[in-house]
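**Q** Take this sequence and fold it.
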Amino acid sequence: RGMVVDFAVHQPDKEDGGIPNPHFHVLCPIRPIREDGKWGFKQRRVYRLDEDGNRIPDSKGKPLFDAVPTTDWGSPETLEHWRETWAKMCNAKFEEKGLPCRIDHRSYLRQGLDLLPTVHEGPAVRQMEARGIATDKGDLNRWIKATNALLKDLKRRIAALFGWLNEVREELSKPQAPTLADLLGAYYGARNAGAWSNKGKVGNLQKFAGTVNYLTEQKLYTVDDLEARVTSHSERIEELKASMGGKRERMEELRGLLEQAERYREQKPIHDQLNAIHRQGQREKFKAAHEGELRQFYMARRKLNGHFTSEGRLPLTKWRTEYGQLQQEYQEEYAAYKPIREDLMKLYQVKSTVDTARRQQEQTQHRDRDMER
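**A** Residues are numbered from 1 along each chain as shown. Got it, this is the predicted structure:
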C-alpha cells in the first residue's frame, strides 16, 4: 500500500522482570512511498470551480482549493477495517494456543454490553498510583470498575427475579392460588407453631408485620405488582447507565482538552522563541535542542484546532465549569443506585420467604393426600 511504519516492542526482557504490560508502539506516517522509492504527497489540491468550470478566486485573487488526502489511511472506515483484522489475528492466535480469552475491536456499546469503558491512564498516572498518589484518572477508573460490578450484580438479580416472578405468577394463576399475604402469613404461622418461647413468637410477628407493611407502603399486592416494580427498576438503571456513559465520555473529552491546553501553554514560549529567530542555522540548532517541546506544542495546537476564539484564546473557564457540573451530576446519578439496590434486596427477602411457604404448603398437601389413600 506504500506505507512505511516504525515500531518498538516493549517486552519484559530485563533482568528485574521488565515492564508489567508487554506491548508495542507503531508509528504510522500518512505520507506514502511511491513505487520509485520517493516520498509521495499527503494531500493534493482540488480547486473550486464555478458553473463554467473556471477556478474561483479568493479576496486576494488566488484560486480557492480544498486539500484532499491522497490515501485513505486517515479515514474511519480504514481504521475500522484494520482494528477488525487485528482482532481476528489475535483471536486466531489465542485459539491456536488453547487460550479462552478473546478481544473485540468494537466498543462496549456496539457489542451490546452494559459496561462503562475505563479511561486510558498512561505511564505517568500509573507510576503515581503505584507510589500511592491518587489521581483523577485513577479515581475515575476505580469508580467505573465499581459501577460495572454493581451493574453486573443488579442485572443478575433482576434476571433471577424475573425468572422467579414468572414461576410464582404461573403458580398463583391456578384456581384458589394464595396471595402474597397468604403465603407470608402461612410462613410466619408455621414458624410460630415451632417456636419455643414468646420472644421467638414476637420476633416472627414483627418480621411478618414489617414485610406486610413494606409491601403495603410500596403498593405491592400481587406478583404482577412485583414484576412491574422490577421492570421499572431495570428501566431506571438503563436510563442512568446511558446518561452516565454520555457524561463520562464528555468528561474525558474535556479532560483531554484541558490537558492539551496546559501543554500548549507550557510549550508556547519555546515556539515563540523559535519564531523570533530568523537565521536558518540558528533556527535549526534551536529546533534540534527543543525538538521534544516543539513536538508537544504542535500536537497540542493541532488537537485544540477549532476551539480557539477569534482572539486566539481557549474557553478554559467554560470547560472547567462544564466539567464540574458533569462531575456533580455524575455523582448524583451514581448515588441513585443505592435505593434501587436496597429495594431489590428487600424483594429478594420477600421471594425467599414466599418460596419457603410454598414448599411447606406443597409438603402439607402431599401428606394429606397420602393420609386419604
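**Q** send the alpha carbons of stretch 64-77 over as PDB?
**A** Presented in PDB, the C-alpha positions along stretch 64-77 are these (Å, rounded to 0.1, in the frame of the first residue of the first chain):
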ATOM      1  CA  LEU A  64      -9.600  28.600  -3.800                       C
ATOM      2  CA  PHE A  65      -8.900  24.900  -3.300                       C
ATOM      3  CA  ASP A  66      -9.600  22.000  -0.900                       C
ATOM      4  CA  ALA A  67      -6.800  19.800   0.400                       C
ATOM      5  CA  VAL A  68      -7.800  16.200  -0.300                       C
ATOM      6  CA  PRO A  69      -5.900  13.300   1.200                       C
ATOM      7  CA  THR A  70      -4.100  11.100  -1.300                       C
ATOM      8  CA  THR A  71      -4.600   7.900   0.800                       C
ATOM      9  CA  ASP A  72      -7.500   6.600   2.900                       C
ATOM     10  CA  TRP A  73      -5.200   5.900   5.900                       C
ATOM     11  CA  GLY A  74      -6.900   8.500   8.000                       C
ATOM     12  CA  SER A  75     -10.500   7.500   7.200                       C
ATOM     13  CA  PRO A  76     -12.700   5.900  10.000                       C
ATOM     14  CA  GLU A  77     -13.600   3.100   7.600                       C
END
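**Q** Quick check: buried residues in that stretch?
**A** Going by neighbour count (16 or more other C-beta atoms under 10 Å), the buried part of stretch 64-77 is 71, 73. Using the backbone N, CA and C atoms, a C-beta is placed for each residue, glycine as well.
**Q** and it, how far from the chain's centre?
**A** A distance of 31 Å separates the centroid of the chain from that of stretch 64-77, by C-alpha atoms, centre = their mean, to the nearest Å.
**Q** same deal with stretch 149-157?
**A** Taking the mean of its C-alpha atoms, stretch 149-157 sits 15 Å from the chain's own mean (C-alpha atoms, centre = their mean).
**Q** please begin residue numbering at 42 from this point
**A** Renumbered: residue one is now 42, and that last one reads stretch 190-198.
**Q** Show me the contact partners of it.
**A** The contact list for stretch 190-198, computed with C-beta atoms under 8 Å, 6 or more residues apart in numbering, reads 155, 156, 157, 274, 278, 282, 378, 381, 382, 385, 389.
**Q** mind redoing it with 10 Å?
**A** 154-157, 271, 274-275, 278-279, 281-282, 285, 375, 378-379, 381-382, 385-386, 388-389 (C-beta atoms under 10 Å, 6 or more residues apart in numbering).
**Q** Filter the residues you listed down to just the ones in helices.
**A** Judged by DSSP state H, helices contain the following of those: 271, 274-275, 278-279, 281-282, 285, 375, 378-379, 381-382, 385-386, 388-389.
**Q** that older thread, which among the contacts of stretch 190-198 end up buried?
**A** Using 16+ other C-beta under 10 Å as the threshold, 155-157, 271, 274-275, 278, 281-282, 285, 378, 381, 385, 388 are the buried ones among these.
**Q** Greatest separation within those residues: which pair is it?
**A** By the measure C-beta to C-beta, the buried ones among the contacts of stretch 190-198 have their two most distant members at 157 and 388, which lie 25.1 Å apart.
**Q** low-scoring pLDDT stretches of this structure, where are they?
**A** Low-confidence segments of the chain, defined by pLDDT under 70, span residues 53-61, 154-155, 212-220, 236-237, 264, 411, 413-414.
**Q** For this structure, just list every one of the strands.
**A** Using DSSP state E, the strands of the chain run over residues 47-51, 64-68, 84-88, 106-110.
**Q** tell me what the second one is packed against?
**A** Where contact means 3 or more C-beta pairs under 10 Å, 6 or more residues apart in numbering; DSSP states H and E, strand 64-68 is packed against strand 47-51.
**Q** Which strands border the strand it packs on, and is each parallel or antiparallel?
**A** strand 64-68 (antiparallel) (DSSP bridges).
**Q** What is the distance between the partner strand and the centre of its chain?
**A** The chain centroid and the centroid of strand 64-68 are separated by 24 Å under C-alpha atoms, centre = their mean.
**Q** swap in stretch 349-369?
**A** The answer for stretch 349-369 is 23 Å, by C-alpha atoms, centre = their mean.
**Q** Now that stretch: buried residues?
**A** 355, 360, 364, 367.
**Q** got a list of contacts for that stretch?
**A** Residues outside stretch 349-369 that contact it (C-beta under 10 Å, 6+ apart) are 177, 181, 285, 287-289, 291-292, 294-296, 298-299, 301-303, 305-306, 342, 345, 348.
**Q** One more: stretch 112-124?
**A** Around stretch 112-124, the neighbours that count as contacts under C-beta under 10 Å, 6+ apart are 42-44, 69-73, 81-84, 110, 144-147.
**Q** would CSV of the buried ones among the contacts of stretch 190-198 with distance to residue 412 be doable?
**A** As requested, these are exported to CSV (distance: C-beta to C-beta, whole Å):
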residue, distance to residue 412
155, 52
156, 56
157, 59
271, 39
274, 44
275, 45
278, 49
281, 55
282, 55
285, 59
378, 51
381, 47
385, 41
388, 36
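**Q** Perfect, that will be all.
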